[in-house]
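*Asks:* Any chance you can model this:
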Amino acid sequence: MIVADTDVLIDYLEEQEPGAQAVATALAAGLLQTTVVSYFELLSGARQARQRKAVQTLLDAIPALPLDRDSAHRAAEISIELDRSGLGVGMADSLIADIVLLHGGSLLTRNQRHFQRVPHLHLADLTAP
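*Replies:* Residues are numbered from 1 along each chain as shown. Sure thing, here's the model as predicted:
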């Protein structure tokens, strides 16, 4: 399972690389999912009717992995540990990372350097065919 971060979903919607092709490939293979956090970020960022329609069409095509109490708890622990080491990733990214970890997926993101800080999180290769 490949879990798309918000940035690569935006790339797909805007037909921009490096994320557009990676999202399209995973989507065509039936491997693509996202998180409810990215779902929220995309919907809240779509200001114009045309954008909202494109975002909703994409989100209707891919499952959104949920955030539950256990995920929120573990995400808080990840956030605290990374903040203590001076390598914090922020609330939304901590939540995304934990959801991906919980479901055993690979995170597809342009922000590889950022998410590499999260222990045990597998990052999908943006350049893989």
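*Asks:* quick one, helices of the protein?
*Replies:* Along the chain, counting by DSSP state H, helices occupy 6-14, 19-28, 36-45, 49-61, 69-84, 91-103, 112-115.
*Asks:* From the contact counts, what lies against the lowest-mean-pLDDT helix or strand in the chain?
*Replies:* Taking mean pLDDT, DSSP states H and E as the measure, helix 69-84 is the helix or strand of the chain with the lowest mean score, a mean of 82. The contact analysis (3 or more CB pairs under 8 Å, 6 or more residues apart in numbering; DSSP states H and E) places helix 69-84 against helix 91-103. Every C-beta, even on glycine, is put in place using the N, C-alpha and C of the backbone.
*Asks:* relative to helix 36-45, how tilted is the helix it packs on?
*Replies:* For helix 91-103 against helix 36-45, the angle by axes from the mean of the first three to the mean of the last three CA atoms, to 10 degrees is 140 degrees.
*Asks:* for helix 91-103, what is the average pLDDT?
*Replies:* Here helix 91-103 scores 88 as its mean pLDDT.
*Asks:* What of stretch 54-67?
*Replies:* Mean pLDDT, stretch 54-67: 93.
*Asks:* that older thread, check which residues of the least confident helix or strand of the chain are buried.
*Replies:* Neighbour-count burial for helix 69-84 flags S71, R74, A75, I78, S79, L82 (criterion: 16 or more other CB atoms under 10 Å).
*Asks:* Assess the claim that the last one and Q116 are in contact.
*Replies:* No - the pair L82 and Q116 does not pass the contact test of CB atoms under 8 Å, sitting 11.2 Å apart.
*Asks:* G19 contacts Y12, correct?
*Replies:* Yes - between G19 and Y12 there is a contact under CB under 8 Å: 6.1 Å.
*Asks:* Name the stretch among the helices of the chain that sits most buried.
*Replies:* Stretch with highest mean neighbour count among the helices of the chain: helix 91-103 (a mean of 22; mean count of other CB atoms under 10 Å).
*Asks:* In terms of secondary structure, what does that helix contact?
*Replies:* Using 3+ CB pairs under 8 Å, 6+ apart, helix 91-103 sits against strand 2-4, strand 32-35, helix 36-45, strand 64-65, helix 69-84, strand 106-108, helix 112-115.
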